[in-house]
Structure formats: C-alpha cells, structure tokens
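**Q** just need the structure, nothing else, for what follows:
(4 chains)
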Protein chains: 4
Amino acid sequence: MLVEFSIIPIGKGSSLGDDIAKVLEIVDGSKLPYKINPMGTVVEGSWDDVVRLIKKCHNTVMKNSERIITTISIDDRKGKPSRIEEKVRSVEKRLGKTLRK
Amino acid sequence: MLVEFSIIPIGKGSSLGDDIAKVLEIVDGSKLPYKINPMGTVVEGSWDDVVRLIKKCHNTVMKNSERIITTISIDDRKGKPSRIEEKVRSVEKRLGKTLRK
Amino acid sequence: MLVEFSIIPIGKGSSLGDDIAKVLEIVDGSKLPYKINPMGTVVEGSWDDVVRLIKKCHNTVMKNSERIITTISIDDRKGKPSRIEEKVRSVEKRLGKTLRK
Amino acid sequence: MLVEFSIIPIGKGSSLGDDIAKVLEIVDGSKLPYKINPMGTVVEGSWDDVVRLIKKCHNTVMKNSERIITTISIDDRKGKPSRIEEKVRSVEKRLGKTLRK
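**A** Numbers count the residues shown, from 1 in each chain, chains lettered A, B, ... in the order given. Next up is the predicted model:
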C-alpha cells in the first residue's frame, strides 16, 4: 500500500517547520520505506503499519496543538509491492527520459 | 474527530454506485454519526473507531477490485465533540441564514 | 463537473468560522448549485465557472491571512449533468433506504 | 504558490501509466518548476499559471476517459517564493540530517 500523508497544525503561526521536523523524525525512525516531497510524505507498507505510523505522528503534533488537519491518500493495488520506487521509474521508462524529483 | 473519506475503485468501469452502496451500508450499520455528500462521507468518532470503520470499507471494496484509491481528511480539535452538526450550524448562525446542504 | 473544496487559513487561531462564513457567502451568492457539509463545500459547474469561484474564495481568505491551504477534488464524468443531487439519490435507490445527509 | 495534483482516470483498467506519462510530458514541457513523487506532482507558480497547466493535463486525460478524479492541494504563503526547494531543505536543516526524497 502506497500512502501519502500530511499533518497541518492550525492556529500556531504560519511556520510549521518544527512540527514537520518532529513528524519526519518519527517517519525516518520507522522501518517503513518513505520519500518526502514539498507537500507531504509518501510511505509504503501494510494498512496496519502505515496507520500506526500516521497515528503516532498525528498524536505527537496534537500534543502541542489545539487543532490539526491530517490528510491521507492511499493507493492500494493487488500484487504490486515496492511501488515507492517503481511508479516513478515506470513512467520515466515510458517517456524515455529522466524527470525532476 | 471529524473525518471525511471516499473510496474509489479503479479499472472497474466508470460507474461506482455498487461499491459506494456497499460502503454506505457498512457506515449506516456502524454506531458512528455520519453524513453523506456527493463527494464523500463524513463520520465522527475517536481515531480507532473511525480508522476501524474505514479499514472495513476499504477491505470490502478491495475484495472485488484490483486497485483502489482511498482518501481521508481528518479535522481533530481539542474539546469539541458533536461537530458533525455544530460546524455547519455555527456558520449559518454567523451568516444569519440557512445554507443548502 | 462535481467539485468539493475547502480553504483553511493557518496561523490565525484554531477557530475558522469567520473565514468559512465569508467563503460560503461568496458561494451562496454565485449562480452555481452547491451543498455544504461539515468538511467542505460541493459545487457543480464547468471547469472555468468552478475555478473562478474557488479563486475568488481563496483570494478573499488570503487577504487577511499569511498562509492558507486550499484543497480541491474534481469528479468529471462525461454526459452526466445534475450529479450534485443524483449521486446520493442513486445510492439510496440501490440500498432501498434513506441515508443521513 | 506550491501545488500538488494528481489525475486518476476511472474505468480504464488498473494501470494508469500511459495517462500519467502524458500528464508528465505536459508538466515537463511547461516553464514551471516541478517535482514528481509516487503519489502526485508538485508545481510552483501563480494561481493562473498553475491552474492553466492542470486544466491542460485534465483535459488531455479526459479526451480518452469516461471519468476522471483530479485532486489539487494548494499551499499559498505570502512572501515565500522558491518553496519547492526550500521547504524540504529547511526541515533537513532543523533535523541536522538528510532525508529520503
């Protein structure tokens, strides 16, 4: 299961870097393969592993926040593991060129 | 915790009504307060209750699908229960008029 | 085209009611069919009409904000107008019962 | 304005690579800075430039599809250009280490 998520605290000022750093420390310390991008974090794993990780991140940010918005997008495809690397690679192969990542 | 989710099977034709009906039967049979709209379903409950419900819906649709996209938006706010009714009502109060729902 | 959107100002406190009220006043004053729910607003119209409306809402909230997150989900289906009412109705017909809205 | 988007055709089979390749060819040919990830594409630019690009991508995929779901997340922050590189870099600086991208 490939999952992108982002956690946004509301009402704590417009700079979110401290909270994002805490989240990424948790993600980096987990065993799940991940990739960060300017709008969120993509992780790959089973439903339970991924949801447990996101819950831990959500609760960590919630500790010091009044309100947070957490967004999760799941792409679940039968019989397709290791998609965190393969999806982008297969598109580049189709186009015959390297894209910006 | 207020949560909107939608589950979209890919590759089964462009009509999704049967799968959406199965999902809403599960939601309607749960004990959680919910509201459906043309783009998704809003439920209210604890992290564990809501995630358990969405997992059940996701797995039910996955049984007969090759691939599905599940999207989840969580609005978690301290000390604010019963927001599934209150959020809309408080905006109507501010505007002094009834909005279309 | 059926479109759900939400606009969230960050860093202005955890109560967003004033900004949401401004957005819904703009939506209610437009000619587009709409439905609000506890997590967002669904509108129906052409790409240009819907995007013009969301841009107006976004810019209105941005006037008094340092930073906002705007989320837009588009469900575009050929030859299917009036889906803002039909989608929910067709699921209720399938299930043979009325759902909470 | 930093914007992530994804376009998913429904009902054309569970492999979406051809359509994603078409979208990324359009993005790569535009003048806007972009970064792709396994779940979507992040672009940076003004509202009008970004929306024009996404509309072109959406319409290109719609040509050969019955139905598509397009999802757009906008992070708009005053006085902060070049965030497509800076956001990730600033979190890495806070953590004092390089993260997977």
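**Q** going by C-alpha atoms from here, please, whenever you check contacts or count neighbours.
**A** Fine.
**Q** what's the angle between the strand or helix carrying residue A:9 and strand C:2-10?
**A** According to DSSP states H and E, residue A:9 maps onto strand A:2-10. Calculated by axes from the mean of the first three to the mean of the last three Cα atoms, to 10 degrees, strand A:2-10 forms an angle of 50 degrees with strand C:2-10.
**Q** CA-only coordinates of strand A:2-10, as CSV, when you get a sec.
**A** Output in CSV follows, covering the C-alpha atoms of strand A:2-10 (Å, rounded to 0.1, in the frame of the first residue of the first chain):
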residue,chain,number,x,y,z
LEU,A,2,1.4,3.4,-1.0
VAL,A,3,0.3,6.2,1.2
GLU,A,4,0.9,10.0,1.1
PHE,A,5,0.0,12.0,4.3
SER,A,6,0.5,15.5,5.6
ILE,A,7,-0.3,16.9,9.1
ILE,A,8,-1.1,20.6,9.4
PRO,A,9,-1.5,22.3,12.8
ILE,A,10,-3.9,25.3,12.7
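**Q** who does that strand pair up with?
**A** Note on strand A:2-10: by DSSP bridges, its sheet partners are strand A:40-44 (antiparallel), strand A:67-77 (antiparallel).
**Q** for the record, mean pLDDT for the last one?
**A** Confidence over strand A:67-77 (mean pLDDT, whole number) is 97.
**Q** show residues contacting that strand.
**A** Strand A:67-77 is contacted by residues A:1-11, A:58, A:61-62, B:66-78, C:14 when judged by Cα atoms under 8 Å, 6 or more residues apart in numbering or on different chains.
**Q** check stretch A:78-89 too.
**A** Outside stretch A:78-89, the residues that reach it (Cα under 8 Å, 6+ apart) are A:1-2, A:33-35, A:42-44, B:66-67, D:36-38.
**Q** list the buried residues for stretch A:4-20?
**A** A:4-12, A:14, A:16, A:19-20 (16 or more other Cα atoms under 10 Å in any protein chain shown).
**Q** residue A:95 touches residue D:19, doesn't it?
**A** No - counting by Cα atoms under 8 Å, residue A:95 does not reach residue D:19; the two are 11.3 Å apart.
**Q** distance between the helix or strand where residue A:88 lies and the chain's centre?
**A** Following DSSP H and E, one finds residue A:88 within helix A:83-95. Centre-to-centre, helix A:83-95 and its host chain are 18 Å apart (Cα atoms, centre = their mean, to the nearest Å).
**Q** buried sites along that helix?
**A** Using 16+ other Cα under 10 Å as the test for burial, helix A:83-95 gives A:83-84, A:87-89, A:91-92.
**Q** could you dump it to PDB, C-alpha only?
**A** This file holds the C-alpha atoms of helix A:83-95, laid out as PDB (Å, rounded to 0.1, in the frame of the first residue of the first chain):
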ATOM      1  CA  ARG A  83       5.900   0.700  -5.800                       C
ATOM      2  CA  ILE A  84       7.500   3.600  -3.900                       C
ATOM      3  CA  GLU A  85      10.400   3.300  -6.400                       C
ATOM      4  CA  GLU A  86       8.700   1.600  -9.300                       C
ATOM      5  CA  LYS A  87       5.900   4.000 -10.000                       C
ATOM      6  CA  VAL A  88       8.100   6.900 -11.000                       C
ATOM      7  CA  ARG A  89      10.700   4.600 -12.800                       C
ATOM      8  CA  SER A  90       8.000   3.100 -15.000                       C
ATOM      9  CA  VAL A  91       6.800   6.500 -16.100                       C
ATOM     10  CA  GLU A  92      10.300   7.600 -16.900                       C
ATOM     11  CA  LYS A  93      10.800   4.400 -18.900                       C
ATOM     12  CA  ARG A  94       7.700   5.100 -20.900                       C
ATOM     13  CA  LEU A  95       8.800   8.700 -21.700                       C
END
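**Q** that helix to strand A:67-77, inter-axis angle?
**A** The directions of helix A:83-95 and strand A:67-77 differ by 60 degrees, with the same axes, to 10 degrees as the criterion.
**Q** average model confidence for helix A:83-95?
**A** Averaged across helix A:83-95, the pLDDT comes to 93.
**Q** over to stretch A:23-42?
**A** pLDDT averaged over stretch A:23-42 gives 96.
**Q** gap between the two ends of it?
**A** 12 Å (Cα to Cα, to the nearest Å).
**Q** ok now stretch A:80-94, how far from the chain's centre?
**A** 17 Å.
**Q** quick one, longest helix in chain A?
**A** Criterion DSSP state H: the longest helix present in chain A is helix A:47-63.
**Q** find the centremost residue of chain A, please.
**A** Centroid-nearest residue in chain A, with Cα atoms, centre = their mean: residue A:41, separated by 2.5 Å.
**Q** now do residue A:98: how many residues are near it, please.
**A** For residue A:98, the neighbour count with other Cα atoms under 10 Å in any protein chain shown is 11.
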